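Chemist: please work out how this folds:
(one chain, ligands or ions: 2)
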Amino acid sequence: MLKIGLCGCNGRMGKVITDIVSKKENMKIVAGFDAYTEKLSDYPVYADPHEFTGACDVIIDFSNANSLEMLLDYCKKTKTPVVICTTGHSKEQLAEMRAASAEIPVFRSGNMSIGINLMMDLLRKAASVLGDGYDVEITEKHHNQKLDAPSGTALMLADAVNEALPYDAEYVYDRHERRMKRPEHEIGIHTVRGGTIVGEHEVLFAGRDELIEIRHVALSREVFAVGAVDAAAFLGAHTQPGMYDMSDVIAAK
Ligand SMILES: NC(=O)C1=CN([C@@H]2O[C@H](COP(=O)(O)OP(=O)(O)OC[C@H]3O[C@@H](n4cnc5c(N)ncnc54)[C@H](OP(=O)(O)O)[C@@H]3O)[C@@H](O)[C@H]2O)C=CC1
Ligand SMILES: O=C(O)C1=N[C@H](C(=O)O)C[C@H](O)C1
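Modeler: Ligands and ions are numbered 1, 2, ... in the order given. Next up is the predicted model:
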């Protein structure tokens, strides 16, 4: 039985994870951690994981970037592997994750869906074939409650394109103050927020007289939750310290 701790348990994603895990026989949520500590499910909820005196095999985190330090401190002290799905971390926080991965398994992905992870492969292929001469513009759309912009996924997609380009692109997030033609070797990243959009990402390669668009639309939060639960099961079986991502889970299937 995989014992899961769930950080951000009372949030939108926390509720979907709780629902999916409740239907599984081989895993169980033993504790929740959330800024809002009301007990909404059958497990106890703590503001700080250090208050939890039991043990979990893995923690899934869908909370807020502010929770990272507390979470990593607890995971390092208790040698608990962690699946970080939260987005909006600073460069310093990303470095803290890498440092922690010398001691514990740290899984991180800005998007847990299989579709986005396949899209990253397609983008690497497109960028390596198209190379120079095609302008790359990424547009992401999310619900009006989302705190961070651009989305973690948009940054992941930009990195996938950038890795395969023959040059190191500059990421440009906003053009409204610019009064110049579009320079080469940029990746434009654009954010839309509205209503209840679950998550849409589109990458445009715009060349001379030719457009290639690769688009992913999440129609429900389940696509992320299923991936996160798969990642938790993967870390339950891979206890070696290190950084992991969805490509490891897909390769192990
Ligand atoms: N990687 C992926 O595939 C996906 C990632 N995400 C990311 O997951 C995160 C959560 O998304 P979502 O569920 O929609 O957001 P919500 O705001 O609905 O949920 C976040 C929960 O975390 C709680 N929280 C806030 N601060 C802390 C803290 N310091 N410690 C513990 N809990 C805390 C919030 O409490 P309160 O409301 O009281 O502040 C809230 O209950 C976001 O960063 C989002 O971008 C979302 C979907 C998919
Ligand atoms: O906040 C969300 O909702 C989502 N966040 C992730 C991101 O920042 O990319 C993933 C998904 O698109 C939903």
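
Chemist: now do the helices in the stretch 51-200 of the chain.
Modeler: Residue ranges of the helices in the stretch 51-200 of the chain, as given by DSSP state H, counting those that start in this stretch, are 68-78, 91-100, 114-130, 152-164.

Chemist: ligand 2 is nearest to which of those helices?
Modeler: With Cβ to the nearest ligand atom as the criterion, ligand 2 lies closest to helix 152-164 of these, at 3.2 Å. Bear in mind the C-beta positions are built from the backbone N, C-alpha and C, glycine included.

Chemist: the closest one and ligand 2, are they touching?
Modeler: Yes. Helix 152-164 comes into contact with ligand 2 when judged by Cβ under 6 Å from any ligand atom, the residues involved being 152-153.

Chemist: which residues are contacting that helix?
Modeler: Residues from elsewhere that reach helix 152-164, judged by Cβ atoms under 8 Å, 6 or more residues apart in numbering: 87-88, 109-111, 116, 119-121, 123-128, 136, 138, 140, 168-169, 171, 187, 189, 191, 199, 201, 203.

Chemist: next, count neighbours for the residue of the stretch 1-150 of the chain found nearest ligand 1.
Modeler: Of the stretch 1-150 of the chain, the residue with the smallest distance to ligand 1, taken as Cβ to the nearest ligand atom, is Gly11 at 1.9 Å. Neighbour count for Gly11, taken as other Cβ atoms under 10 Å: 19.

Chemist: ChimeraX command to pick out the buried ones of the contacts of helix 152-164?
Modeler: Here is the ChimeraX command that selects only those of the contacts of helix 152-164 that count as buried (16 or more other Cβ atoms under 10 Å):
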select :87,88,109,110,111,116,119,120,123,124,126,127,136,138,140,169,187,189,191,199,201,203
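
Chemist: residue numbers of this structure in contact with ligand 2?
Modeler: Taking Cβ under 6 Å from any ligand atom as the measure of proximity, the chain contacts ligand 2 at 87, 110-111, 142, 146, 151-153, 199.

Chemist: one more time with 8 Å, if that's ok
Modeler: Neighbours of ligand 2 within the chain, by Cβ under 8 Å from any ligand atom: 12-13, 85, 87-88, 110-113, 116, 140, 142-143, 145-148, 150-156, 198-199, 201, 218, 221, 224.

Chemist: can you say which of the residues you listed are buried?
Modeler: Taking 16+ other Cβ under 10 Å as the criterion, what is buried in the residues of the chain next to ligand 2 is 13, 85, 87-88, 110-113, 116, 140, 142, 146, 148, 150-156, 198-199, 201, 218, 221, 224.

Chemist: also near ligand 1: which of those residues, exactly?
Modeler: Among those, the residues within reach of ligand 1 (Cβ under 8 Å from any ligand atom) are 13, 85, 87-88, 110-113, 116, 146, 148, 151-153, 199, 221, 224.

Chemist: those residues in strands, which ones?
Modeler: In strands, judged by DSSP state E, the following of those are found: Gly199.

Chemist: quick one: name the residues of the stretch 51-200 of the chain near ligand 1.
Modeler: 61-67, 70-71, 85-88, 109-113, 116, 143, 145-148, 151-153, 199.

Chemist: how about low-confidence regions in the stretch 51-200 of the chain?
Modeler: Nowhere does the stretch 51-200 of the chain drop to pLDDT under 70.

Chemist: for the residue nearest the centre of the chain, give me its contacts.
Modeler: Per Cα atoms, centre = their mean, the C-alpha nearest to the average position across the chain is that of Gly110, at 1.6 Å. Listed by Cβ under 8 Å, 6+ apart, the contact partners of Gly110 are 85, 87, 151-153, 155-156.

Chemist: which two in those are spaced the farthest apart?
Modeler: The span of the contacts of Gly110, defined through Cβ to Cβ, is set by Cys85 and Leu155 at 14.1 Å.

Chemist: tell me the domain boundaries of the chain?
Modeler: Following automatic domain parsing, one finds the domains of the chain at 2-108+221-252, 114-218.
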